[in-house]
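Participant: Sequence unavailable; structure follows:
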């Protein structure tokens, strides 16, 4: 069998960093870990090719070479996945679609010859049999039973050798699946369960050996939805991870995702720092206790978020955070409240989204019972919400637009960067230099420090960071590079999309489109300016941040 594995193209998103990639000299932020993990599970007698549409085009000759085309992606990749399926079908090739997008919305891919739903470990025999015997009758939908989630001990080392490592800003490994919490909006617990399953430390170290053996040095993302979901196992892994890093010259700058209660475990924080973790993504969501209670995010009610962020930052972990607006309990003042809250935090990368009802989540089921669902989620958070919101829809979309405009105004973003470099604790030991780091610095100095309209803020940030420490200087350069995407994407893409959503709402109500609110960004000293709502209720390398696609919806 000749199998072509295709990773669907991601549209421009906050997590894609598309405006920053040229400065960093890479093509994509993260590799298709799901597909290279699948590749390690396919029969050794098969011939494999991998095409990541985020780094290279898909040629007809690639499709003609293949006996079968396997396509994967999340909800946000659905349009690209369907394009690949259509091209493969036009050339007479059999296709298989799988991954979170297909598992969540299997009806969205009618052109696929086969749909594989759920996790692959220990479950591929029927698919392999169907593909190797094309004349035999085979079910179109292959759906392993959810009652028996595969053990992580069955996961082999991913086929990193199928990648061009130089194409990516970071590499990734997966240590665990699942999360013990039950946030209503989150699809992770629906896809992977509430009992975290983990790899053994020996498995993780084998994957690090594989990456190091290929010559990779630089950021490494532990893609766990909650790295401390199983605290006992995480505590067992971390000392071994620290020992491996020390014996190999600390080649990897680690980052991950965790729940906010990480800050209440100084032992785990210290162990993560020793292992080489430098940043962590947290699902803070909101400072509103009522909204957290409504969403079932009770773990965040036990920790003061401002204190937690400060504790982690001073310990040396940069905090990246997710925030949400649009809960039923959110009033017209939520946008001003979120702006003031976020502006007070040393969190440059404050990913803020509209609440979305993802298929199969508790939120989806509740809204369905209440008759409030409008349609499926497609990963786009910059249109109308896919359910009838409690807050007036115009007020919600207009306020969300104003919030993003304010958060990613250059002065507001750079002020949060300054807060971070001033408070961030120093690393336990410096990570190894990444190949090409000097060229990245030179590109940043020219493209951000000279060409960009944000050049004065760039040099001011670097001057401030240089007074703190060499590690703070490197972090400042990375933040400035990422800021080019966050600021430009907001101004050039997101705000026009939200303007279009407002026009659509107005057209549906047969009334003139409302004017965008006049919202001032946070002042350069970091203090938020009044909210104008009278008309309405990384590490030392280029990319220290996680690259969670927006399609996953909520955060941990």
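Facilitator: Looks like it came in fine. Being a predicted model, the structure only gives us computed values, none of them experimental.
Participant: Who are the contact partners of residue 302?
Facilitator: In this structure, residue 302 makes contact with 261, 264, judged by CB atoms under 8 Å, 6 or more residues apart in numbering. (C-beta placed from N, C-alpha, C; glycine too.)
Participant: any idea of the pLDDT on it?
Facilitator: The per-residue pLDDT reported for residue 302 equals 95.
Participant: Low-confidence ranges, the stretch 451-556 of the chain, go.
Facilitator: For the stretch 451-556 of the chain, the stretches with pLDDT under 70 are 511-556.
Participant: show me where it has helices.
Facilitator: Assigned by DSSP state H, counting those that start in this stretch, the stretch 451-556 of the chain shows helices spanning 455-468, 470-489, 495-508.
Participant: looking at the ones you listed, which is buried most?
Facilitator: The highest mean neighbour count among those, using mean count of other CB atoms under 10 Å, belongs to helix 470-489: a mean of 23.
Participant: Grab the nearest non-local neighbour of residue 457.
Facilitator: residue 414 (4.3 Å; CB to CB, 6 or more residues apart in numbering).
Participant: okay, and the helix or strand of this protein with the least pLDDT?
Facilitator: strand 141-142 (a mean of 90; mean pLDDT, DSSP states H and E).
Participant: Against residue 267, how distant is the nearest residue to residue 188 once chain neighbours are set aside?
Facilitator: Take residue 188 and drop its neighbours on the chain: the residue closest to it by CB to CB, 6+ apart is residue 225, 4.5 Å away. Distance of residue 225 to residue 267, given as CB to CB, to the nearest Å: 22 Å.
Participant: the more surrounded of those two?
Facilitator: Taking other CB atoms under 10 Å, residue 225 and residue 267 do not tie; residue 225 has more neighbours (28 against 10).
Participant: Would you list the phi and psi of the more buried one?
Facilitator: Dihedral angles of residue 225 (phi, psi; degrees, to the nearest 10) stand at phi -70, psi -20.
Participant: which residues touch it?
Facilitator: Contacts of residue 225 by CB under 8 Å, 6+ apart are 176-179, 188, 192, 257, 556.
Participant: So which of those is the closest to residue 105?
Facilitator: residue 188 (15.9 Å; CB to CB).
Participant: How many neighbouring residues does the nearest residue to residue 177 once chain neighbours are set aside have?
Facilitator: Using CB to CB, 6+ apart and skipping the chain neighbours, the partner closest in space to residue 177 is residue 192 (4.3 Å). For residue 192, the neighbour count with other CB under 10 Å is 20.
Participant: I'd say residue 192 and residue 178 touch.
Facilitator: Yes - contact criterion CB atoms under 8 Å: residue 192 and residue 178 qualify, at 4.3 Å.
Participant: about what we covered before: what's the distance between the residue nearest to residue 188 and residue 196?
Facilitator: 9 Å.
Participant: list the residues that contact both of these two?
Facilitator: 176-179.
Participant: want to try JSON lines for those residues, with pLDDT, distance to residue 46 and neighbour count as columns?
Facilitator: Formatted as JSON lines, the shared contacts of residue 225 and residue 196 follow (pLDDT from 0 to 100; distance: CB to CB, whole Å; neighbours: other CB atoms under 10 Å):
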{"residue": "176", "pLDDT": "98", "distance to residue 46": "28", "neighbour count": "25"}
{"residue": "177", "pLDDT": "97", "distance to residue 46": "25", "neighbour count": "24"}
{"residue": "178", "pLDDT": "95", "distance to residue 46": "29", "neighbour count": "21"}
{"residue": "179", "pLDDT": "96", "distance to residue 46": "33", "neighbour count": "25"}
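Participant: so what's residue 254 bridging to?
Facilitator: residue 220, residue 277 (DSSP bridges).
Participant: so who does it touch?
Facilitator: Contacts of residue 254 by CB under 8 Å, 6+ apart are 219-222, 241, 272, 275-278.
Participant: can you tell me how far it sits from residue 219?
Facilitator: In terms of CB to CB, residue 254 sits 8 Å off from residue 219.
Participant: Now do the contacts for residue 347.
Facilitator: 309, 319-321, 416, 420.
Participant: Distance check, the nearest residue to residue 196 once chain neighbours are set aside against residue 311.
Facilitator: Excluding the flanking residues, the one nearest residue 196 by CB to CB, 6+ apart is residue 229, at 3.5 Å. The spacing between residue 229 and residue 311, counted by CB to CB, is 20 Å.
Participant: Touching, residue 355 and residue 329? I think so.
Facilitator: No - checked against CB under 8 Å, the pair residue 355 and residue 329 is beyond contact range at 11.0 Å.
Participant: Of these two, which one has the most company?
Facilitator: residue 355 (24 against 16).
Participant: ok, and the closest non-adjacent residue to the more buried one?
Facilitator: For residue 355, the closest residue by CB to CB, 6+ apart turns out to be residue 326, at 3.6 Å.
Participant: quick one, helices of the stretch 251-400 of the chain?
Facilitator: 266-275, 289-295, 305-315, 334-343, 362-369, 393-407.
Participant: just those: most buried one?
Facilitator: Scoring these by mean count of other CB under 10 Å, the most buried comes out as helix 393-407, with a mean of 24.
Participant: Tell me how far that one lies from the chain's centre.
Facilitator: 22 Å (CA atoms, centre = their mean, to the nearest Å).
Participant: Now do it, average pLDDT.
Facilitator: Here the average pLDDT along helix 393-407 is 98.
Participant: quick check: angle from that helix to helix 334-343?
Facilitator: 20 degrees (axes from the mean of the first three to the mean of the last three CA atoms, to 10 degrees).
Participant: angle of helix 393-407 against helix 470-489?
Facilitator: Using the same axes, to 10 degrees: helix 393-407 against helix 470-489 is 140 degrees.
Participant: on contacts alone, who are the packing partners of helix 393-407?
Facilitator: For helix 393-407, the elements it packs on are strand 318-325, helix 334-343, strand 350-354, helix 495-508, judged by 3 or more CB pairs under 8 Å, 6 or more residues apart in numbering; DSSP states H and E.
Participant: again, 6 Å this time
Facilitator: helix 334-343, helix 495-508 (3 or more CB pairs under 6 Å, 6 or more residues apart in numbering; DSSP states H and E).
Participant: and the longest one, how far out from the chain's middle?
Facilitator: When distances are taken as CA atoms, centre = their mean, helix 495-508 is centred 26 Å away from the chain's centroid.
Participant: Next: stretch 253-272.
Facilitator: 18 Å.
Participant: cool, stretch 130-150 as well?
Facilitator: Worked out by CA atoms, centre = their mean, stretch 130-150 lies 30 Å from the chain centre.
Participant: Quickly list the domain ranges of the chain.
Facilitator: Listed by automatic domain parsing, the domain ranges of the chain are 2-142, 169-378+422-426+540-552.
Participant: Columns distance to residue 400 on top of those domains, output as TSV?
Facilitator: Listed next are the domains of the chain as TSV, based on distance: least, CB to CB, whole Å:
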stretch	distance to residue 400
domain 2-142	13
domain 169-378+422-426+540-552	6
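Participant: Indicate which one of those is closest to residue 455.
Facilitator: domain 2-142 (13.2 Å).
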